[in-house]
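Participant: Just the structure for this:
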Amino acid sequence: MCKLCWMLVLVLVVLSGGMAWKFLIQGETVTASDGRQALLLAPAERDLVLGEMRAFLASVQAIVQDAQEGDMAAVAKAARHVGAAAQGSVPGSLMKKLPLEFKRLGFDTHRQFDQLALDAEQLGDPGHTLEQLAGLMRNCVACHAAYRIDAAPMTRR
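Facilitator: Predicted coordinates for the structure are as follows:
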């Protein structure tokens, strides 16, 4: 009887590990024709991710302009707009489709925007802000070099 219990436990551990790999680490991706990983997303999910990227880009533009003008309060506001608080609208159904490294880049990007906002308020140094922004943009470049978004295959009912 105990042998059966141990076999069941082993099967459950293997299944759990496989599901963790698929949903937490790998996500729903395939290798695309250009060598990047294609995230397979439904139209609404794609719109959400691309909308977040456009918000990043708009904030970067505002930060550069506001830093050039020396308006560090506006820099902080623009950075905080896309900080960690902005990621609360991402549904769990989308998160499970994203590979771990994509999530790491995304979380780190939000965190860096929050740090940039804090430093802009506390230090008031446009040069420091632009250095932080250059570092933050490396995440954007790395993400776009590694991933693209493709339509998820349609399922038939």
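Participant: so who does Ala62 touch?
Facilitator: By CB atoms under 8 Å, 6 or more residues apart in numbering, Ala62 lies in contact with 74-75, 78. (Glycine included, C-beta is placed from N, CA and C.)
Participant: Skip ahead from the host helix or strand of it and say which helix or strand is next.
Facilitator: Following DSSP states H and E, one finds Ala62 within helix 43-69. Moving toward the C-terminus from helix 43-69, the next helix or strand (DSSP H and E) is helix 72-81.
Participant: contacting residues around that next one?
Facilitator: Contacts for helix 72-81 (CB under 8 Å, 6+ apart): 55, 59, 62-63, 66-67, 113-114, 116-118, 120-121, 124-126, 129.
Participant: Let me see the mean pLDDT of that helix.
Facilitator: Average pLDDT, helix 72-81: 98.
Participant: Please apply the same query to stretch 2-11.
Facilitator: The average pLDDT within stretch 2-11 is 71.
Participant: cool, stretch 104-112 as well?
Facilitator: Stretch 104-112 comes out with an average pLDDT of 96.
Participant: So which bits of the helix or strand containing Arg148 are buried?
Facilitator: In the assignment (DSSP H and E), Arg148 maps to strand 147-151. For strand 147-151, a neighbour-count test (16 or more other CB atoms under 10 Å) marks 147-150 as buried.
Participant: pLDDT score for Leu24?
Facilitator: Reading off the confidence values, Leu24 has pLDDT 51.
Participant: now do Met154
Facilitator: Each residue has a pLDDT score; the one for Met154 is 76.
Participant: Work out which residue lies at the spatial centre of this structure.
Facilitator: In the chain, the residue lying closest to the centroid (CA atoms, centre = their mean) is Gly106, at 2.2 Å.
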